Structure formats: structure tokens, C-alpha cells
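# Got a sequence here, can you model it:
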Amino acid sequence: MRSPSEESVPLHEEFIYCCGAATHVLKCGPWKDLSKDESKNLPRLLFMIIPDTDIKELEDVFGLNGQVEHKLNFLKKNVSKDIKLVLIAHSIGCYITLEMMKRASELQVLRSVLLFPTIERMAQSPQGKLMTPLLCKLRYALYMPVYLLSFLPEGVKASLVRFALRGMKTCDESSITTSINLFSVDCIANILYMASQEMMKVVERDSTTIKQNLKKLIFYYGTGDSWCPQHYYDEIKMDFPDGDIRLCEKGLRHAFVLDASKEMAAMITDWLQDDLTKL
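Predicted coordinates:
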């Protein structure tokens, strides 16, 4: 007999329109519609994963503020108010998560896990100093090369991605497939536009929101992260000594999804065990 962890989990994939943007939704579990299902077997807890998003106020859904409102609108329309939430966020998704908790304090957030959090001084980080001039002043120069590369066959694009990632010991095949989207001008335009806003708007850490929600938050910083360097960890650890603020001891990179997603998932599962047993 297989253990619960070995049982296959139903996966539902769909696109919905949220705030005017086509939104790709992956649902793990037997429930297809949490807002309309009237059965008594609805889950008591929902995990919402907020990645380092690539996607002008709500007319600006691909901007930083628009992405916050997009996530809140999705929850409002698709998830019952009674369901508890675990928010798992990475990079700029951590900023979005804190903004969600600030703007919608009524959300039933059980725990928020903030991985490699870019929540302050992005333009002053080592990578930010390098990228800010490009993102804020020169990003349009990248559109033509990407447009020309978009005509390459899919196999050639995949080979170029593998070549770019050749230094990694292991690389998830799904990362190759996803990275091929970078050959789309629309995708690149959205990424660079969003990133330019991050450099300009993610400046001061929102210590007020962190203080108000400290018992719900888990921070996980990297030791060699050029987007949120270790002294950012040292400072937030000093400001919030009672917080659950961790420093990576495994040498994981900021973009851990490329080669360590399973290892990260196992760690998060372990961190959340106590919360889940109390449900």
C-alpha cells in the first residue's frame, strides 16, 4: 500500500481572466472550483504560490501594484473567505505577499514563507546596481534582438537555453521549457517593465507590516544572493530578533527553481509540519 505522499495528486490546469489578464492556474487536488463547490469536503487550507512574476493601478496589471491587486482579486473571486491560506513566495513575490497582507488584513493567512525576499533596496543591491541602468534606461534596446531570435526553431531555442545553463550540475527540464518563453518579445517586455518598477519602487522595507504579522512569517535568505545580500539578513534579524528569519546553509542560489526546487519543497514541507498538524 502506498503512503499518502506517493499517491498521485489530481492536477487541474486552466486559464482564467483576472483583472483583464489571462492567468494560468494550476490546481493540485480534487477540487476544481473552490468558490462554487458546496460540498462538505472542501479543504480547510489552501497553498498559494507567488513566484518571481514575469507578467498599468489595474489598467497596469503587469506593473508592481497591478500584480498585488491581481492576486487579491483572484482570491476574492475564486477562494472562499473561510479557507485558511499558506502563501509561499519567492523574490519579488515576497514584496507582493507583504503588500497583500497589508491591504487585505482580513485574509485567513496561516503562514507566509518568503524565499530569498527582495523586499527592500533592490537598486542598491549588487545585482541592482548592475541592472538598474539597463532596466530603467536601455531595456528597449533588447527588444529587436529578442524579436529576431523569436523566429528560431523551438529545438534551437531549447539548445541555446541549455547552453546558457550549462554550468549547473543539474537542471530541471521544466526550467528549459519555461525559459523558452524568454524568446517572446511580449514576455521580455513584461519582464523588463516589471523589473524596472521593482528597481524604482522597492526601496524601504515595510517593517510595520512585518511587525504586525511577524508570527505568521518565515524568511529565508541566501548567503551569496546578489539581489538581497547577507547584510540585509543581518539587519532584519537584528530588528526582529523574535522572528523566524533563516539563513541558507545549503548554498542554494537565488534562482533555486533552476536546480533545487525539490530540495526547497522538502524544506518548506518540514517547516510547515507543526502548522498543518494543528488544523
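# tally of neighbours for Arg111?
By other CB atoms under 10 Å, 22 other residues sit near Arg111. Heads up, the C-betas are built off the backbone N, CA and C, glycines and all.
# packing partners for the helix or strand hosting it?
Assigned by DSSP states H and E, Arg111 falls within strand 109-115. If contacts are counted by 3 or more CB pairs under 8 Å, 6 or more residues apart in numbering; DSSP states H and E, strand 109-115 sits against strand 84-90, helix 92-103, strand 217-221, helix 261-271.
# Against which helices or strands is the top helix by length along the chain packed?
The helix that spans the most residues within the chain, counting by DSSP state H, is helix 185-201. With contacts taken as 3+ CB pairs under 8 Å, 6+ apart, helix 185-201 sits against helix 64-78, helix 92-103, helix 126-137, helix 143-149.
# I'd like the helices and strands packed on strand 109-115 laid out as a markdown table, including mean neighbour count and mean pLDDT.
Formatted as a markdown table, the helices and strands packed on strand 109-115 follow (neighbours: other CB atoms under 10 Å; pLDDT from 0 to 100):
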| stretch | mean neighbour count | mean pLDDT |
| --- | --- | --- |
| strand 84-90 | 22 | 95 |
| helix 92-103 | 22 | 97 |
| strand 217-221 | 22 | 98 |
| helix 261-271 | 13 | 95 |
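# could I get these as CSV with distance to Gly251?
Converted to CSV, the helices and strands packed on strand 109-115 look like this (distance: least, CB to CB, whole Å):
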stretch, distance to Gly251
strand 84-90, 17
helix 92-103, 20
strand 217-221, 13
helix 261-271, 11
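# between those, which gets nearest to Gln230?
strand 217-221 (6.8 Å; CB to CB).
# could you dump the next helix or strand after the closest one to CSV, C-alpha only?
Sequence order places helix 230-239 as the next helix or strand after strand 217-221, per DSSP H and E. Provided in CSV are the C-alpha atoms of helix 230-239 (Å, rounded to 0.1, in the frame of the first residue of the first chain):
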residue,chain,number,x,y,z
GLN,A,230,23.6,38.8,3.6
HIS,A,231,23.8,42.1,5.4
TYR,A,232,20.1,42.6,4.6
TYR,A,233,19.5,39.4,6.6
ASP,A,234,21.8,40.6,9.4
GLU,A,235,19.8,43.9,9.7
ILE,A,236,16.3,42.3,9.6
LYS,A,237,17.4,39.7,12.1
MET,A,238,18.6,42.5,14.4
ASP,A,239,15.4,44.4,14.0
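# Show me what counts as buried in helix 230-239.
232-233, 236 (16 or more other CB atoms under 10 Å).
# Let me know the distance separating Glu198 from Asp259.
24 Å (CB to CB, to the nearest Å).
# How far away from the center of its chain is the host helix or strand of Leu276?
Assigned by DSSP H and E, Leu276 belongs to helix 273-277. Per CA atoms, centre = their mean, to the nearest Å, the displacement of helix 273-277 from the mean C-alpha position of its chain is 22 Å.
# Was I right to think Arg103 contacts Leu72?
Yes - using CB atoms under 8 Å, Arg103 makes contact with Leu72 at a distance of 6.5 Å.
# got any ranges where the stretch 51-200 of the chain has weak pLDDT?
Counting by pLDDT under 70, the stretch 51-200 of the chain contains low-confidence ranges at 51-59, 169.
# Let's see that with 50 instead.
The model of the stretch 51-200 of the chain has pLDDT under 50 over residues 54-58.
# distance of the spatially closest residue to Ala104 that is not a sequence neighbour from Val79?
Leaving out its chain neighbours, the residue that sits closest to Ala104 by CB to CB, 6 or more residues apart in numbering is Leu72, at 5.5 Å. Leu72 sits 11 Å away from Val79, going by CB to CB.
# Many thanks, we can stop here.
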